[in-house]
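*Asks:* What follows is a predicted structure for the sequence shown.
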Amino acid sequence: MHPPTQNKVLMAVLHIPDQGRTLSDFAEVKEYLADIGIGYEIWKPTFEIDRESTNEQILEAFANEIETLKKQGGYQAADVINLFPDTPNLEPMLARFSKEHWHDEDEIRFITAGRGVFHIRPKDGSPVVALQVEEGDLARVPAGTWHWFDLCSDRRIRAIRLFQDPSGWTPHYTDSGKDAGYMPLCLGLDFIPPQLQQL
Ligand SMILES: [Fe+2]
């Protein structure tokens, strides 16, 4: 058994569907993603945050990490997005990002509640990967990266976003159709694929 403080580390989930592989060790996931240009970290808040926390409190809890990232990536602004199943126009909003696209800006998401799945299609021809992100996970998808994003079946996410220029942050679609070939499976919510049941 691992001590509770390590449980989060063990929750990293990276699927490589075309190979039927899943990486679940944080260091392994981080290294694999680094090789295809994707940043992945796990952050812990400086104080407890919960459902009642305001956006300002969330930004404050991660102020040091946000400052570091801003300096590293030239990000100018940070905000908090908070989506629930009954958020107005949720599905049309999600549909904008569930087709393969890229941005002229980096896409930075730090998850404070809920979960979702980033699919990344590396331009070097290596297999599509599905990174499941949830509370504590930071994903950095550099500008120009082909990717798409889905929420899990609980339709819930709260995340800090960082921007170089919020006004320029729009999706450019590849229209490759590749997104249609991959199901956004979320471990622990939708179902556990048979190959994972023994892990
Ligand atoms: Fe995106």
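*Replies:* Structure received.

*Asks:* Is the closest residue to residue 39 other than its chain neighbours in a helix, a strand, or coil?
*Replies:* Using Cβ to Cβ, 6 or more residues apart in numbering and skipping the chain neighbours, the partner closest in space to residue 39 is residue 140 (3.1 Å). All C-beta atoms are positioned from the backbone trio N, CA, C, and that covers glycine. Using DSSP: H, G, I helix; E, B strand; the rest coil, the structure places residue 140 in strand.

*Asks:* mind checking pLDDT for residue 140?
*Replies:* Residue 140 carries a pLDDT value of 95.

*Asks:* contacting residues for it?
*Replies:* 38-40, 73, 106-108 (Cβ atoms under 8 Å, 6 or more residues apart in numbering).

*Asks:* any idea how far it lies from residue 65?
*Replies:* 12 Å (Cβ to Cβ, to the nearest Å).

*Asks:* re earlier: pick out the lowest-pLDDT one from the contacts of residue 140.
*Replies:* Minimum pLDDT across the contacts of residue 140 is recorded for residue 73, with 89.

*Asks:* would you turn the contacts of residue 140 into CSV with secondary structure and neighbour count?
*Replies:* As requested, those are exported to CSV (DSSP: H, G, I helix; E, B strand; the rest coil; neighbours: other Cβ atoms under 10 Å):
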residue, secondary structure, neighbour count
38, coil, 22
39, strand, 17
40, strand, 20
73, helix, 18
106, coil, 20
107, strand, 22
108, strand, 23
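
*Asks:* Of the residues you listed, which pair is most distant in space?
*Replies:* 40 and 73 (14.4 Å; Cβ to Cβ).

*Asks:* beta partners for the most centrally placed residue in the chain?
*Replies:* Nearest to the geometric centre of the chain sits residue 133, at 4.4 Å (Cα atoms, centre = their mean). On the basis of DSSP bridges, residue 133 is bridged to residue 116.

*Asks:* Low-confidence bits of the protein, can you list those?
*Replies:* By pLDDT under 70, the low-scoring segments of the chain are 1-11, 46-47, 168, 188-199.

*Asks:* Would you state the strands of it in chain order?
*Replies:* 13-16, 21-23, 39-42, 77-83, 101-102, 107-120, 129-134, 137-141, 147-151, 157-163, 172-173 (DSSP state E).

*Asks:* Just confirm residue 61 contacts residue 50, I think it does.
*Replies:* No. At 10.7 Å, residue 61 does not count as touching residue 50 under the criterion of Cβ atoms under 8 Å.

*Asks:* Mind checking which of the two has more residues around it?
*Replies:* Applying other Cβ atoms under 10 Å to residue 61 and residue 50 shows that residue 61 carries more neighbours, namely 20 against 8.

*Asks:* Identify the residue spatially nearest to the more buried one, adjacent ones excluded.
*Replies:* Per Cβ to Cβ, 6+ apart, closest to residue 61 is residue 45, 4.1 Å.

*Asks:* Check the burial of the one you found by counting its neighbours.
*Replies:* For residue 45, using other Cβ under 10 Å, the count is 16.

*Asks:* Look up how far residue 156 lies from it.
*Replies:* Using Cβ to Cβ, residue 45 is found at 18 Å from residue 156.
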